[in-house]
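Visitor: Kindly return the folded structure for what I paste below:
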Amino acid sequence: MPVDLASADLPNEPGVYLFKNDQGRVLYVGKATRLSERIRSYFASNPDRHMIPELVARADDIECIVTQTPQAALILERQLIREHMPRFNSMLKDGKSFPYLAMTSEEYPRIMYTRRPPKKAERWGPFPNANAAKQVMQLLRRYFGIRDKDCRGQDGCMSQHIGLCRGPCVDPEGYHQVVRNVRKVLNGNASVLIEELIGEMDEYAASQRYEEAAYTRDMIKAVRTVTSQQVISSKVYRECDALGFASDGDLAAVVVLHADEGVVQGQEAWPAVHRGDLGETVSMFISEHYAHRTPPRLLLSPVPIFDGLQSWLDERRGSTVEVRIPQRGDLENLATLARQNAEIQLQRLVNKSSGSLEQRAADDGAKTLGMTQLDHIVCFDMAQLQGDERVGASVVMRNGRPAKKDYRKYIVKGEALDDLRMMEEVVVRWAKRQEEWPDLLLIDGGETHLNTIRRALEEHGWADRFPLAALAKREETIFRNGFEPLVLDRSGRVLVHARDEAHRFVNTFHRKRRSRSRLADPLEGVEGLGAKKLQTLLRHFGGRKGIEHAGITELVTVPGIGPALAERIHQALR
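Guide: Coordinates of the predicted model:
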């Protein structure tokens, strides 16, 4: 069955998405900064890649995994592609992993750039931007003098003599301070280093040594990139499962995030029956889930588990399984991420089960109005503030659900300032473009609104194409031509939902328009003042403040600015 995007509740967070076929096989893995926007782009009428129509046609389901950052999504995408080898992913099948910066566990630690850090090494990464990681390693060697090779004697090596190594073989105590400073930078405390680099860059620029200044600028950028791109501290996330739980009544979803080697490696999700006792539900899931797989070294649980289950986990693993309920730090972040993904999975389950409920709401609404069906509703609402930014909007409900791809916004073009005439304009504009008529056209308002719109539809010959109704907020009363006003009860909830959604949508649009107009430059609207004349004004008066303080007599002294234009400029700034 094709993916029903209209009913999908897609997250707006960064993460990874997996297109799957009807057998559950992964067809494609992708990443996104905003999952909802990226996934919806696949269903656009003009896709940006030739393979998309075939992918969409074969897809039966889309799974989302939310991550903490876009960088984490990039790394998880690579992990999942390596695991599933999807048919539609032509890139990232090479098995190459992202690099780390590692510090060895020797008495005098070395810094390493590596894709396979030693097990006992302290690690930072993985880093999506490998070039930035290399630059930072070079900078740490140059700035702090941390070594990257073995020491070969007591008198210092070539790196020590040219200043690239502080020489633990010569000054052991001084070298330990170097290691502590490098650790601070890689743990994100790079402000002191960045400040010194900025000072260095300014000195180069002042002495016109522009190549050195540009090199230092690139180093600053690399440090900022690496300290922001580091996904997690991998020493915490080694062989760890995080359980996420979410419930709605007796319907529940449980998610297991698998984390190892510094990143989330994947996700498994299951529906569950929740009887109200979270401890019982989680314990039952753990006993079933790990009955056929080895438990991890570290298990993050939303609730404590009982002693018998702990002993069983230890026995299954052959060593102690540490079960924790994290309260702070990276582990708490991972547990939160598991819970967020459980909530997303729960919403998918709710949507599947509630599809019939929403259709029932549409059927109840049709029955209330004495109609055969109410599967397609279009609802209009208007917004303005003392004639400012006059706008309208229409929303669409299909089978009781909002069909957001069919929502439309309107800017009123006529001179009318009252809601009635504005709504008449946008409804007529809407009707002229329709190829499919709704089961009901619903407008926000009372009997006066109903009569005004009905007359407009009659004038254009549309009155018999579809039923028309107006819904007044007061007592939720619905008005229809030839019927008595009806106060809606719960059976009319689909109509109230459509009206409220139209109200929300148009007010959001109106607020954005008003905010944009407040930020607009008043000079942009001055008739006769183009870009060239504005530049002449700015040069003449030395900037915007000078123009604002100039009088008309001063403005007319500028070439190209006559008395009439000077008057308009003066008025616009007042």
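
Visitor: Look up how far residue 258 lies from residue 238.
Guide: Distance check for residue 238 against residue 258: by Cβ to Cβ, to the nearest Å, it reads 12 Å. C-betas here are computed from N, CA, C, even on glycine.

Visitor: Check residue 56 too.
Guide: Using Cβ to Cβ, one obtains 29 Å as the distance from residue 56 to residue 258.

Visitor: What of residue 16?
Guide: Taking Cβ to Cβ as the measure, residue 16 falls 13 Å from residue 258.

Visitor: neighbour-wise, which of the two wins?
Guide: With neighbours defined as other Cβ atoms under 10 Å, residue 16 and residue 258 compare such that residue 16 has more, 27 against 17.

Visitor: Can you tell me the element the more buried one falls in?
Guide: When elements are defined using DSSP states H and E, residue 16 is found to belong to strand 15-20.

Visitor: Can I get that strand in CSV, CA atoms only?
Guide: What follows is strand 15-20, C-alpha atoms only, in CSV (Å, rounded to 0.1, in the frame of the first residue of the first chain):
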residue,chain,number,x,y,z
GLY,A,15,17.3,12.8,12.0
VAL,A,16,17.4,9.9,9.6
TYR,A,17,14.5,8.5,7.5
LEU,A,18,14.2,5.0,6.0
PHE,A,19,12.0,4.2,3.0
LYS,A,20,10.8,0.5,3.3
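
Visitor: Now do the helix or strand following that strand against strand 15-20, angle only.
Guide: Next in sequence after strand 15-20, counting helices and strands by DSSP H and E, comes strand 26-32. When axes from the mean of the first three to the mean of the last three Cα atoms, to 10 degrees is applied, the directions of strand 26-32 and strand 15-20 differ by 160 degrees.

Visitor: List the buried residues for strand 26-32?
Guide: Along strand 26-32, the positions that meet the burial threshold by neighbour count (16 or more other Cβ atoms under 10 Å) are 26, 27, 28, 29, 30, 31, 32.

Visitor: Residue 412 - how many residues pack around it?
Guide: Counted by other Cβ under 10 Å, the residues lying close to residue 412 total 21.

Visitor: all strands of the stretch 451-574 of the chain, in order?
Guide: Applying DSSP state E, counting those that start in this stretch to the stretch 451-574 of the chain gives strands spanning 468-472, 477-479, 486-487.

Visitor: still on that earlier bit, could you dump the buried residues of strand 26-32 into JSON lines with distance to residue 214 and pLDDT added?
Guide: Compiled in JSON lines, the buried residues of strand 26-32 are given as follows (distance: Cβ to Cβ, whole Å; pLDDT from 0 to 100):
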{"residue": "26", "distance to residue 214": "44", "pLDDT": "89"}
{"residue": "27", "distance to residue 214": "45", "pLDDT": "90"}
{"residue": "28", "distance to residue 214": "40", "pLDDT": "91"}
{"residue": "29", "distance to residue 214": "38", "pLDDT": "90"}
{"residue": "30", "distance to residue 214": "35", "pLDDT": "90"}
{"residue": "31", "distance to residue 214": "32", "pLDDT": "88"}
{"residue": "32", "distance to residue 214": "33", "pLDDT": "88"}
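
Visitor: where along the stretch 101-250 of the chain do the helices fall?
Guide: Ranges of helices within the stretch 101-250 of the chain are 130-144, 158-161, 172-186, 191-206, 210-229, based on DSSP state H, counting those that start in this stretch.

Visitor: helices or strands next to the longest one in the packing?
Guide: For helix 210-229, the elements it packs on are helix 130-144, helix 172-186, helix 191-206, judged by 3 or more Cβ pairs under 8 Å, 6 or more residues apart in numbering; DSSP states H and E.

Visitor: now these in TSV, with mean neighbour count and mean pLDDT?
Guide: Converted to TSV, the helices and strands packed on helix 210-229 look like this (neighbours: other Cβ atoms under 10 Å; pLDDT from 0 to 100):
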stretch	mean neighbour count	mean pLDDT
helix 130-144	19	79
helix 172-186	17	78
helix 191-206	15	84
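
Visitor: ok, and the closest non-adjacent residue to residue 420?
Guide: Taking Cβ to Cβ, 6 or more residues apart in numbering, and ignoring the residues beside it in sequence, residue 420 has residue 452 as its nearest neighbour in space, at 4.7 Å.

Visitor: what's near enough to touch that neighbour?
Guide: 420, 421, 423, 424 (Cβ atoms under 8 Å, 6 or more residues apart in numbering).

Visitor: Any figure for the gap between it and residue 424?
Guide: Spatial separation of residue 452 from residue 424 under the definition Cβ to Cβ is 6 Å.
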